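> Okay, sequence plus prediction incoming.
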Amino acid sequence: MAEQMWQSLPDECRVDHFGKNDVPSLYRGAVRREITGSLPAKAETPRFTTCYLNFRGLPQPMIWELAWLVHREVELGRFIFPSVYNATTRLLRAATTHGSKRGRVAPTLLALSPEEWIREAQIARMNGSDLGPSNDRHALARLREFHDLLVYPYHRGAWSELDVWNPLLDRRIPQRPHEPHGRNIVNFSHLTSEWLREGAKLWLAANLSSGTMTWSTVKTRLNNLKWFQRYINRYGDHGPLLTAEPQELRPFIRGFCDMLQAYRITGNGPSAGQPLKKNPRRQIMVTIERFFQWMYDHREEGAEAHKDWANLRTEHTALFRPDDKPRLTNKKSSEDMVLEDSVVERIAEGSELLARPKEDGGFGDIQAFHALMLLIRTGRRINEVLMMDFDPLIPLQNRRGRNLDEDGTGFVARMHYQQTKVDAGQRNSIPIDAELVAIIRSQQNVARQLMIDMGATADTTPRYLFLGRRTNRNGIAPYPRVTLHQTLKRLADRLDIKDSVGRRVAISKTHRFRHTAATNLINAGVPLHVVMRYFGHVTPEMTLHYAVTRDQTMEEEFLKFKKVKRDGRTVDVEASDLYELIQLDKRADRVLPNGWCVLPPKMLCDKGNACISCDKFVTDVTHSAELRRQLESTESLVRIRQEAFVTKYGSPMGDENIWLQGRREEIASLNRILLSITDITDRAVRGAGSAQRPTDQKDA
């Protein structure tokens with residue numbers, strides 16, 4: 001295998017040593033030049049730089065491995081530090097020439113563990129080698145990294161058979177094109193029960209390969225299974241059947257539920273000493289249940305890893321009863337998720353500390369500054385910002401198909417982002433203005449300079465707009481999410497921003513910017529389907545998650561003001577009940593040009609012109625002039641209020657408007673009265689809507 005690895009290298013890289021004058025072109029910039037040499041007493045000659053690597057004097061397979069390791073690390077965007085490499089090769093040279101027989105006959109690096117190589121070096125010293133002890137410290141870490149890299153090309157089986165899954169080092173592991181947690185490893189060695197470990201590999205590998213699970217989901221599911229392993233270690237290991245006797249299964253599961261409920265979080269964090277919350281406990285149970293359901297359906301495959309998987313019973317597919325699982329709590333919103341305008345302004349003003357150089361009292365992280373600006377202005381999720389392509393801008397075309405000028409007003413481009421949480425089936429881009437375009441252009445310049453600083457050529461285009469600064473010469477690693485959270489936490493501590501009631505504002509909770517942006521759009525009256533598309537939501541329920549905050553905000557604003565009747569008295573209805581009746585601006589048929597109607601929804605307004613609408617009202621021809629004046633006044637009032645309604649709401653009152661219905665009935669009643677008293681002058685006529693029957697003098 002070592003020879004195959006050697007043959008896979010480009011011709012110029014198949015060398016067992018090189019210096020700064022003959023370093024392979026592919027390695028330039030990656031192999032760091034280091035200052036070395038020692039100065040003679042009182043000498044004025046400067047020390048010299050070197051990038052010399054030497055693998056000679058080792059077994060041939062080991063030389064091939066080391067050459068391949070250099071190439072692989074350069075591929076991964078890592079730097080090659082000659083002093084550390086040479087310390088490792090010196091140790092290997094001593095171990096393979098002056099060590100014990102085991103060390104002297106070892107052909108490859110994997111023949112011994114890193115710790116065993118260190119022991120061989122110690123034996124070599126006792127046998128007369130002049131190897132310095134400082135080599136051990138440098139070499140041990142390097143040897144461990146070498147083992148991690150070599151295990152994958154040497155492994156001949158399926159990738160899922162390994163106990164450690166590392167997608168960065170093992171290209172066989174299926175991943176999405178943009179995986180937020182793609183640099184994390186999944187380690188199965190914590191599952192000490194072989195049947196559980198091998199079954200978990202089978203289950204998770206199948207779901208990862210089919211796309212049913214993402215990489216981050218796999219890691220979460222494995223962490224949940226570790227709780228089951230902890231309980232098995234305490235209770236006793238009886239294999240996939242869990243218990244020795246079928247009747248013991250229910251007490252076994254009940255004991256596991258009790259263990260989860262009794263657990264208290266350890267450490268020094270804010271949750272230390274607290275029990276596991278309901279949702280995490282439920283997720284652990286759901287993971288275990290789905291695992292056993294899948295293994296029951298694939299028990300023949302599972303039996304190849306452990307024979308007892310073939311003996312699973314149907315009760316293993318429903319390990320937990322409904323009353324075992326805590327009820328799922330879905331807290332749609334909380335009071336502190338939406339940031340007040342004054343708080344956002346203070347964050348924006350104080351964010352310049354992120355870009356300010358460290359020597360001037362700042363954080364020296366202009367990438368964090370640009371990322372925060374995009375989070376505030378766009379409401380994107382943190383991964384959607386940090387994993388944007390290097391050039392995420394798409395021209396925004398007008399109706400004639402022409403591109404808008406970036407110097408224009410309003411939206412001038414679309415910003416493409418990576419949708420890693422849900423598959424919305426929509427284009428992952430939003431319209432942005434010229435200011436955001438300028439921020440993105442500035443960050444592109446920062447990213448280009450970072451690539452140059454890390455040894456890349458000036459024409460190298462990184463994959464991402466925001467770049468990690470460690471082992472990222474190729475620009476394939478985005479700015480770490482954890483780093484941004486930590487930086488924003490330090491910024492919050494420095495700014496000490498408080499809201500209107502004196503609570504500290506946690507800037508590191510970046511999802512608050514998304515809540516704030518969504519709530520602002522909803523409060524501004526943007527249609528629900530537009531907000532859904534802007535935030536990449538699949539269902540209206542996802543967007544209405546933010547509308548709860550809108551209702552709360554509107555109610556709080558409504559309750560600030562005292563409501564009075566037409567005679568100046570305070571309304572004798574609870575303010576919160578009044579709000580529920582009114583539902584501000586939600587029902588056009590209850591909106592008046594000068595206020596709101598609080599009549600219950602199914603009741604009709606019988607007020608308006610009190611006398612005209614009263615069945616106790618009677619008139620005759622002697623009042624015709626006044627009745628005509630009231631008719632003209634009512635018709636004029638309808639016209640005036642229709643105009644006011646159009647000005648305020650953009651459209652006239654509809655036929656369903658309660659106030660308009662009442663006024664039209666008054667106009668019709670006045671017309672009927674005037675017609676009646678003009679044609680029949682010796683009779684009095686009743687008021688609005690009553691039967692126009694003759695009345696005797698007593699009734700009049």
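That came through fine. Numbers count the residues shown, from 1 in each chain.
> hey, let's count contacts and neighbours off CA atoms from now on
Noted.
> which residues of the stretch 1-150 of the chain fall in helices?
2-7, 60-75, 82-98, 101-105, 114-126, 134-154 (DSSP state H, counting those that start in this stretch).
> ok, residue 30 - how many residues close by?
When neighbours are counted by other C-alpha atoms under 10 Å, residue 30 registers 22.
> Also residue 17?
So residue 17, with other C-alpha under 10 Å, has 15 neighbours.
> what's the spacing between it and residue 64?
Computed with C-alpha to C-alpha, to the nearest Å, the distance linking residue 17 and residue 64 is 11 Å.
> With residue 94 instead?
From residue 94 over to residue 64 the distance is 18 Å, taken as C-alpha to C-alpha.
> Over to residue 282?
51 Å.
> These two: which is more packed in?
The neighbour count for residue 282 versus residue 64, taken as other C-alpha under 10 Å, is higher for residue 64 (24 against 19).
> Chain neighbours aside, what residue packs nearest to that one?
residue 6 (5.2 Å; C-alpha to C-alpha, 6 or more residues apart in numbering).
> residues contacting that neighbour?
14, 64-65, 67-68 (C-alpha atoms under 8 Å, 6 or more residues apart in numbering).
> Just put those in CSV and tack on distance to residue 450.
Below are the contacts of residue 6 laid out as CSV (distance: C-alpha to C-alpha, whole Å):
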residue, distance to residue 450
14, 30
64, 33
65, 31
67, 28
68, 27
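> Export the residues you listed to a markdown table and append columns for distance to residue 343 and pLDDT.
Supplementary listing: the contacts of residue 6 in a markdown table, determined by distance: C-alpha to C-alpha, whole Å; pLDDT from 0 to 100:
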| residue | distance to residue 343 | pLDDT |
| --- | --- | --- |
| 14 | 59 | 91 |
| 64 | 60 | 93 |
| 65 | 57 | 93 |
| 67 | 56 | 92 |
| 68 | 54 | 93 |
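> Which members of the residues you listed are the farthest-apart pair?
14 and 65 (10.8 Å; C-alpha to C-alpha).
> three-state assignment of residue 157?
Assigned with DSSP: H, G, I helix; E, B strand; the rest coil, residue 157 falls in the coil class.
> if you skip the residues just before and after it, what's nearest to residue 328?
residue 279 (5.8 Å).
> burial measure for the one you found, as a count.
Residue 279, neighbours per other C-alpha under 10 Å, totals 15.
> likewise residue 127?
14.
> Residue 419 too?
22.
> re earlier: which of the helices or strands spans the residue nearest to residue 328?
Under the criterion of DSSP states H and E, residue 279 resides in helix 278-297.
> same for that helix, what does it pack against?
Where contact means 3 or more C-alpha pairs under 8 Å, 6 or more residues apart in numbering; DSSP states H and E, helix 278-297 is packed against helix 194-210, helix 215-235.
> Make JSON lines out of these and add mean pLDDT, mean neighbour count and distance to residue 138.
Formatted as JSON lines, the helices and strands packed on helix 278-297 follow (pLDDT from 0 to 100; neighbours: other C-alpha atoms under 10 Å; distance: least, C-alpha to C-alpha, whole Å):
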{"stretch": "helix 194-210", "mean pLDDT": "94", "mean neighbour count": "18", "distance to residue 138": "34"}
{"stretch": "helix 215-235", "mean pLDDT": "94", "mean neighbour count": "17", "distance to residue 138": "32"}
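> I'd like those as TSV, with distance to residue 293 appended.
Listed next are those as TSV, based on distance: least, C-alpha to C-alpha, whole Å:
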stretch	distance to residue 293
helix 194-210	10
helix 215-235	14
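> So which of these is nearest residue 75?
helix 215-235 (22.2 Å).
> can you list the residues that contact the closest one?
175, 179-182, 186, 188, 190-193, 196, 200, 204, 208, 256, 259, 283-284, 287-288.
> May I see the ChimeraX selection of the buried members of those residues?
Here is the ChimeraX command that selects the buried residues among the contacts of helix 215-235 (16 or more other C-alpha atoms under 10 Å):
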select :175,179,180,181,182,186,188,191,193,196,200,204,208,256,283,284,287,288
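> before we move on, back to that, correct me, but the residue nearest to residue 328 touches residue 329?
Yes. With contact defined as C-alpha atoms under 8 Å, residue 279 and residue 329 form a contacting pair (6.6 Å).
> Helix or strand, whichever it is, which one in the chain has the lowest mean pLDDT?
strand 591-592 (a mean of 46; mean pLDDT, DSSP states H and E).
> Separate out the buried members of the contacts of residue 6.
Buried, going by 16+ other C-alpha under 10 Å: 14, 64-65, 67-68, out of the contacts of residue 6.
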